[in-house]
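**Student:** After the sequence you'll find the predicted model.
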Amino acid sequence: DTGVSQNPRHKITKRGQNVTFRCDPISEHNRLYWYRQTLGQGPEFLTYFQNEAQLEKSRLLSDRFSAERPKGSFSTLEIQRTEQGDSAMYLCASNLGQGATEAFFGQGTRLTVV
Amino acid sequence: GESVGLHLPTLSVQEGDNSIINCAYSNSASDYFIWYKQESGKGPQFIIDIRSNMDKRQGQRVTVLLNKTVKHLSLQIAATQPGDSAVYFCAENTAAGNKLTFGGGTRVLVKP
């Protein structure tokens, strides 16, 4: 499968715990995006990377959220001290970079905070 | 702030009929628009795109129309099939392509 891969597909965690998600983009893609999607809503932009550099962060990305892409390939999104409001689908997308306006999405990680 | 939105949250259509999904956008700086299809439990899947210098683009069974005067775009699906049942999102981007901004989605239900 050469598409965007996300792991795990589902995560249930207790409030206050930390969680980490992984995204493996399409191999030749320079840009990697994280989005959050709640039920019935469109995906909301969180942050994006150009190679290993994190170039933009949304105001939605509180200080409990951190994303990394250390080698410019896969990325991780960590949420510390999870809250029930963090329950959502976390989507990763990638593309070839500037000028490539379309993005290819993974299947997402469904987070449920209980 | 700038936003992309949809007029109809749910659209029921008879199998074989044509579907039209509408979307309004407010960011006049956007010059690239995309329609995505999202099935339950899956990520958004690209359907068709259009640049702001065009007013119509056709794909296989799908057509996107762009009216920049009223900041409106639509997705037409010809001969709607059960496999077309999904939530459809419009999204916008700029030429720099930094990020997509999505609307709230329209659910299409295809009746047999």
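**Tutor:** In hand now; what should we look at?
**Student:** tell me which parts of chain A are close to chain B?
**Tutor:** A:4, A:33, A:40-45, A:48, A:55-56, A:91, A:93, A:95, A:97-108, A:110 (Cβ under 8 Å from any Cβ of the partner chain). In short, each C-beta sits where N, CA and C put it, glycine included.
**Student:** Give me the PyMOL select line for those residues, limited to the buried ones.
**Tutor:** With 16 or more other Cβ atoms under 10 Å in any protein chain shown as the criterion, this PyMOL line picks the buried residues out of the residues of chain A next to chain B:
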select buried, chain A and resi 4+33+41+42+43+44+45+48+91+93+95+101+102+103+104+105+106+107+108+110
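**Student:** Around the residue nearest to residue B:112 when sequence neighbours are not counted, how many other residues sit close by?
**Tutor:** Distances taken as Cβ to Cβ, 6 or more residues apart in numbering or on different chains put residue B:15 closest to residue B:112, at 5.4 Å, once the chain neighbours are dropped. Around residue B:15 sit 13 other residues, with neighbours defined as other Cβ atoms under 10 Å in any protein chain shown.
**Student:** which residues sit in contact with residue B:15?
**Tutor:** B:80, B:81, B:82, B:110, B:111, B:112 (Cβ atoms under 8 Å, 6 or more residues apart in numbering or on different chains).
**Student:** Could I get the pLDDT score of residue A:58?
**Tutor:** As predicted, residue A:58 sits at a pLDDT of 92.
**Student:** quick one: low-confidence ranges for the chain?
**Tutor:** As the question left the chain open, I've gone with chain A. Applying pLDDT under 70 to chain A flags the ranges A:1, A:98-101.
**Student:** not what I meant, chain B
**Tutor:** For chain B, the stretches flagged by pLDDT under 70 are B:1-8, B:95-97.
**Student:** how close does the closest residue in space to residue B:9 that isn't next to it in sequence sit to residue B:58?
**Tutor:** Nearest non-adjacent residue to residue B:9, counting by Cβ to Cβ, 6+ apart: residue B:106, 6.1 Å away. For residue B:106, the distance to residue B:58 equals 20 Å [Cβ to Cβ, to the nearest Å].
**Student:** These two - which one has more neighbours?
**Tutor:** Ranked by neighbour count (other Cβ under 10 Å), residue B:106 and residue B:58 place residue B:106 first, with 21 against 12.
**Student:** if I pick the more buried one, what's in contact with it?
**Tutor:** B:6, B:8, B:9, B:10, B:11, B:21, B:22, B:87, B:88, B:89.
**Student:** out of those residues, which is most surrounded?
**Tutor:** Neighbour counts for the contacts of residue B:106 peak at residue B:89, which has 27 neighbours (criterion: other Cβ under 10 Å).
**Student:** my read: that residue touches residue B:43, true?
**Tutor:** No - contact between residue B:89 and residue B:43 fails when scored by Cβ atoms under 8 Å: they sit 11.2 Å apart.
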